[in-house]
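Colleague: I would like to see how this sequence folds:
(one chain, ligands or ions: 1)
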Amino acid sequence: MLWQGRALEAALPRALRSLDDPSDRGLARNIAASVLRWLPDLDELIDARTRMPLPDDARARMVLRMALAQALVLETPHHAVVATALPLVEGGPRRLVHGVLSSALKAGDSLPDRPLLPEPWGQRWAEAWGEKAAAAAAAAMAAPPPIDLTYKSADVVPPPGEGEVSLLPGHLRTRRAGRVEAWDAYGEGDWWVQDLAAALPARLLAPQAGERIADLCAAPGGKTMQLAATGAAVIAVENNEKRLTLLRENLERTGLPAELLHSDARKFRPEAPLDAVLLDAPCSATGIFRRHPDVLHLRDPDRLEETLRIQAALLSHAATLVRPGGRMVYAVCSLEREEGEDQVDAFLDRHPDWHADPAPAGALPEGIREEAPGRIRTLPGDLAEIGGCDGFFMGRLVRDEN
Ligand SMILES: C[S@@+](CC[C@H](N)C(=O)[O-])C[C@H]1O[C@@H](n2cnc3c(N)ncnc32)[C@H](O)[C@@H]1O
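Modeller: Residues are numbered from 1 along each chain as shown. A predicted model of the protein is given here:
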């Protein structure tokens, strides 16, 4: 997937189609994710043991990355690693792979405490957010984070079990493993998986029962469900039909109501002005690298221009949908200031009839603060002692009364 520029989740279904056993599929997924988490470090080990650097897309390098990830990250017994790696290079660079792998394993090659972040992200984040945040990001890249659940009502959150914690009403952080869809109670639809930071934009919007609210970039629907659970009348707008289907399935499972609209949000015009709008804009997604380690390999900070243009257009259009005195929350799961803080600053410059508005009481968990009124930034390292959270920016904006 790396050299094809495809996201892991998009590449996996085809890559796993010959595996029927769920545990084989789980292992294959784990190996791929571990390679992505540790790629620069694995490549350093490989390069130290080859006379000529192997091309980035050479089969031998791919097989060595997977084999070393199995041995050094997943702690698979060495004989099993060698036995599964060599058939992958049968009739090809078998001797080379065997030589590099056996010498690395015999010599006890190991990985550092935390991964090297792929370039340019480590340097870029150190400059933007400080060395401490960049080091926390590297530590967070090493392994998958805990799972946050949002419940549709605070009343149905079970008391936290061992290793679990509830950081806000309606939230539970768990270390349960395995496929979420296989957990008992999944079918009952009381909760959905949503990183704690991803659950904050809807809380910042402070939806009220009976209000008319649009969720402008809605799928797969975590935020639509939060809004609908308060009794607001929600219109969920999404331009990707496949993702809209996911949203529909999520609403069906949780039994929450929303009107779905397949449309570009820039063309959406409700019959009457809305009380509030949530704009969870398309973005680089660099803030969700803990769960999607591929994003840091696929994204290029020099290619943000088109995304920035769409975000600004979505923001300006969203502003025209809201009644005087109404509100909007703009959110991006990005660690890039251009997509977050700078977009909201530019929006406020273009729209003098809007202002940033402080977070409502109780919307944020302990440990997450507003940088300035109405501006919330979550960073790697926030809440690190209890499992961290994704990198997000959120702006809470209010339109002046006439
Ligand atoms: C960050 S994701 C939204 C996540 C969602 N809010 C949630 O909480 O589950 C952004 C979504 O916006 C959709 N999108 C991108 N551009 C859009 C546009 N111009 N109009 C409507 N939806 C758009 C993408 O397909 C994607 O599903």
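
Colleague: my read: residue 8 touches residue 34, true?
Modeller: No - counting by C-beta atoms under 8 Å, residue 34 is not a contact partner of residue 8; they are 11.4 Å apart. All C-beta spots, glycine's among them, are computed from the backbone N, C-alpha and C.

Colleague: So for the two, which residue has more residues nearby?
Modeller: residue 34 (23 against 20; other C-beta atoms under 10 Å).

Colleague: Verify the contact between that one and residue 76 for me.
Modeller: No - counting by C-beta under 8 Å, residue 76 is not a contact partner of residue 34; they are 10.3 Å apart.

Colleague: what residues do these two have in common as contacts?
Modeller: residue 70 (C-beta atoms under 8 Å, 6 or more residues apart in numbering).

Colleague: Can you give the strand pairings for the longest strand seen in the chain, parallel or anti for each?
Modeller: Looking across the chain with DSSP state E, the single longest strand is strand 322-332. Strands that pair with strand 322-332, judged by DSSP bridges, come out as strand 274-280 (parallel), strand 392-399 (antiparallel).

Colleague: Counting neighbours, which bits of whichever helix or strand comes after it end up buried?
Modeller: Where DSSP states H and E defines the elements, the next helix or strand beyond strand 322-332 is helix 341-350. Neighbour counts over helix 341-350 (16 or more other C-beta atoms under 10 Å) mark 341, 343, 344, 346, 347, 348 as buried.

Colleague: The second one touches residue 313, doesn't it?
Modeller: So that's residue 343. No - here residue 343 does not reach residue 313: they are 10.8 Å apart, not a contact under C-beta under 8 Å.

Colleague: can you count the residues close to the residue of the stretch 201-350 of the chain found nearest the ligand?
Modeller: Taking C-beta to the nearest ligand atom, the ligand has its nearest neighbour within the stretch 201-350 of the chain at residue 217, 3.0 Å off. Residues contacting residue 217 under the criterion other C-beta under 10 Å number 24.

Colleague: Now it: closest residue in space that isn't a chain neighbour?
Modeller: Closest residue in space to residue 217, ignoring its immediate chain neighbours: residue 280 at 5.1 Å, by C-beta to C-beta, 6 or more residues apart in numbering.

Colleague: Name the residues linked to the one you found by a beta bridge.
Modeller: residue 331.

Colleague: ok, now how distant is it from residue 220?
Modeller: Separation of residue 280 from residue 220 (C-beta to C-beta, to the nearest Å) stands at 11 Å.

Colleague: and the two? which has more neighbours close in?
Modeller: Taking other C-beta under 10 Å, residue 280 and residue 220 do not tie; residue 280 has more neighbours (24 against 19).

Colleague: ok, the more buried one - contacts?
Modeller: 201, 215, 216, 217, 218, 223, 331, 332, 333.

Colleague: Need the overlap of contacts for residue 343 and residue 313.
Modeller: Common neighbours of residue 343 and residue 313 (C-beta under 8 Å, 6+ apart) do not exist.

Colleague: of all the residues in this protein, which ones are close to the ligand?
Modeller: Counting by C-beta under 6 Å from any ligand atom, the positions of the chain adjacent to the ligand are 217-223, 237-240, 243, 264-266, 280, 282.

Colleague: same thing but 8 Å
Modeller: Within the chain, the residues that sit near the ligand (C-beta under 8 Å from any ligand atom) are 194, 198, 201, 215-224, 237-240, 243, 247, 263-266, 268, 278, 280-283, 285, 310, 314, 331-333.

Colleague: can you count the residues close to residue 194?
Modeller: Using other C-beta under 10 Å, residue 194 has 22 other residues around it.

Colleague: doesn't residue 147 make contact with it?
Modeller: No - in this structure, residue 194 is not within contact of residue 147 by C-beta under 8 Å, at 9.4 Å.

Colleague: residues in contact with residue 369?
Modeller: Applying C-beta under 8 Å, 6+ apart, the residues near residue 369 are residue 376.

Colleague: quick one, phi psi at it?
Modeller: Per-residue torsions, residue 369: phi -120, psi 160 (degrees, to the nearest 10).

Colleague: now the one 3 residues further on
Modeller: Per-residue torsions, residue 372: phi -150, psi 160 (degrees, to the nearest 10).

Colleague: In the sheet, which residues pair with it? Tell me.
Modeller: Under the criterion used (DSSP bridges), residue 372 bridges to residue 375.

Colleague: Would you check how far apart it and residue 19 are?
Modeller: 50 Å.

Colleague: go on, residue 51?
Modeller: Counting by C-beta to C-beta, the gap from residue 51 to residue 19 is 35 Å.

Colleague: Quick check: buried residues in the helix-or-strand element of the chain with minimal mean pLDDT?
Modeller: Scoring the helices and strands of the chain by mean pLDDT, DSSP states H and E places helix 8-15 at the bottom, with a mean of 82. By 16+ other C-beta under 10 Å, the buried positions in helix 8-15 come out as 8, 11, 12.

Colleague: Could you export that helix as PDB, CA atoms only?
Modeller: Taking Å, rounded to 0.1, in the frame of the first residue of the first chain, the C-alpha atoms of helix 8-15 are listed here in PDB:
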ATOM      1  CA  LEU A   8      -4.100   0.700   5.100                       C
ATOM      2  CA  GLU A   9      -7.900   0.300   5.700                       C
ATOM      3  CA  ALA A  10      -8.500   0.700   1.900                       C
ATOM      4  CA  ALA A  11      -5.700  -1.800   1.000                       C
ATOM      5  CA  LEU A  12      -6.500  -4.500   3.600                       C
ATOM      6  CA  PRO A  13      -9.700  -6.000   2.300                       C
ATOM      7  CA  ARG A  14      -8.000  -7.100  -1.000                       C
ATOM      8  CA  ALA A  15      -4.800  -8.000   0.700                       C
END
